[in-house]
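Participant: sequence and predicted structure are below.
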Amino acid sequence: MSYTTDKNDPKLKEGQQNETGQHDIYLILSEEERAKGFVRPLRFSYIHVGRSLKAFKGIYKMLDENERKKYPKYVAIMTVLTNEDGSFKGGTYVTQEEFNAWKNEELIGGCNTVTTMSRPLAETYARDPFIE
């Protein structure tokens, strides 16, 4: 495993192509940038627990038979944004799995695997969790 501070490094686009499922190179912030401090706690490992669907405010619409034919992957449109009066402003299509997880207040997509990171990578995500 290696690191780069160059967001345009062509190796970053290669993705997870080795047998371990890990990247061969990771984007990190410079030592100077990481030394400025962290906006999130410094963690060297985390567990993939999944994501919550609590952002869905409710069911905007269950898809009818014709809509299901047009969009076979989806079963409903969930309200994500509302106007000041509480009316629908925006939403997202959801699969049956996502709908069930929302209805049952469960997390979705987690595998409960522990991922451990090196210090430069952990410091990078603690400083800038949304680095791209």
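Facilitator: In hand now; what should we look at?

Participant: surely residue 83 meets residue 57?
Facilitator: No. Assessed by C-beta atoms under 8 Å, residue 83 is found out of contact with residue 57, at 11.5 Å. Just so you know, the C-beta spots here come from the backbone N, C-alpha and C atoms, and that holds for glycine as well.

Participant: quick one: end-to-end length of stretch 122-132, please.
Facilitator: From its first residue to its last, stretch 122-132 covers 15 Å (C-alpha to C-alpha, to the nearest Å).

Participant: try stretch 50-69
Facilitator: Terminal residues of stretch 50-69 lie 29 Å apart, using C-alpha to C-alpha.

Participant: give the buried residues for that stretch.
Facilitator: Under the neighbour-count criterion of 16 or more other C-beta atoms under 10 Å, stretch 50-69 has 53, 56, 60, 63, 67 buried.

Participant: just stretch 25-34 next, same as before
Facilitator: Buried, per 16+ other C-beta under 10 Å, within stretch 25-34: 25, 26, 27, 28, 29, 34.

Participant: which ones among the buried residues of stretch 50-69 lie within helices?
Facilitator: The helices, defined by DSSP state H, take in residue 67 from these.

Participant: format the buried residues of stretch 50-69 as JSON lines; extra columns: pLDDT.
Facilitator: Below are the buried residues of stretch 50-69 laid out as JSON lines (pLDDT from 0 to 100):
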{"residue": "53", "pLDDT": "90"}
{"residue": "56", "pLDDT": "92"}
{"residue": "60", "pLDDT": "95"}
{"residue": "63", "pLDDT": "97"}
{"residue": "67", "pLDDT": "96"}
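
Participant: of all the buried residues of stretch 50-69, which comes closest to residue 74?
Facilitator: Nearest to residue 74, judged by C-beta to C-beta, of these is residue 63 at 6.1 Å.
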